[in-house]
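Enquirer: Quick one: sequence plus predicted model below, questions after.
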Amino acid sequence: NPLFAIFHEPIYCHGKPANWSASRTIQEYDQFSWTQKNDVPVYFTGEMIFPDMFKDYANLRPWAGAAEISAQDANWAPRYDLEQLSKNQVPVSAVTYFDDMYLDFGSAQDTASKIKDTEQYMTN
């Protein structure tokens, strides 16, 4: 989904541009390099989006301009309104994985606890 690739980083930036933060971060830390010659574990990058993906993946190429605009935009509002979520009137069902490689279980529980009428199915 091109929208996921375009908005993945910026939605977490409140009032600041993402400016391809994953790309900048992996260049800063040796732990992201699989070519290390020591016994330091390599950090996981499974859900990161990089600017080169908009050149390398044919289906994303048409979206490169939009991705760059999105990465430089500093006008991102908070992802959600906690006060409104606590008043939710629509039943919510969610699947939560104990060993999710992208999201810490405790963080998922914390978020779910803030949304009124949330039912979770917890599994692995």
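Expert: Received, thanks.
Enquirer: Could you break the protein into its assigned domains?
Expert: As given by automatic domain parsing, the domain ranges for the chain are 2-72, 82-123.
Enquirer: Point out the most buried one among those domains.
Expert: domain 2-72 (a mean of 14; mean count of other CB atoms under 10 Å). Every C-beta, even on glycine, is put in place using the N, C-alpha and C of the backbone.
Enquirer: Report the distance from it to the chain centre.
Expert: Distance of domain 2-72 from the chain centroid (CA atoms, centre = their mean, to the nearest Å) equals 10 Å.
Enquirer: how far does it stretch from start to finish?
Expert: End-to-end span of domain 2-72 (CA to CA, to the nearest Å): 17 Å.
Enquirer: ok, Asn75 - how many residues close by?
Expert: Around Asn75 there are 10 other residues, counting by other CB atoms under 10 Å.
Enquirer: how about it, secondary structure?
Expert: Three-state call for Asn75 (DSSP: H, G, I helix; E, B strand; the rest coil): coil.
Enquirer: what sits against it?
Expert: Gly15 (CB atoms under 8 Å, 6 or more residues apart in numbering).
Enquirer: Distance-wise, check it relative to Ala18.
Expert: Separation of Asn75 from Ala18 (CB to CB, to the nearest Å): 12 Å.
Enquirer: cool, and Ala112?
Expert: Applying CB to CB, the value for Ala112 to Ala18 is 26 Å.
Enquirer: what does Gly46 give?
Expert: According to CB to CB, Gly46 stands 18 Å off from Ala18.
Enquirer: Ok, Ser70 next?
Expert: Going from Ser70 to Ala18 by CB to CB gives 8 Å.
Enquirer: Could you tell me which residues touch both of the two?
Expert: With CB under 8 Å, 6+ apart as the test, Ser70 and Ala18 both reach Pro10.
Enquirer: element containing Ser93, please.
Expert: strand 92-97 (DSSP states H and E).
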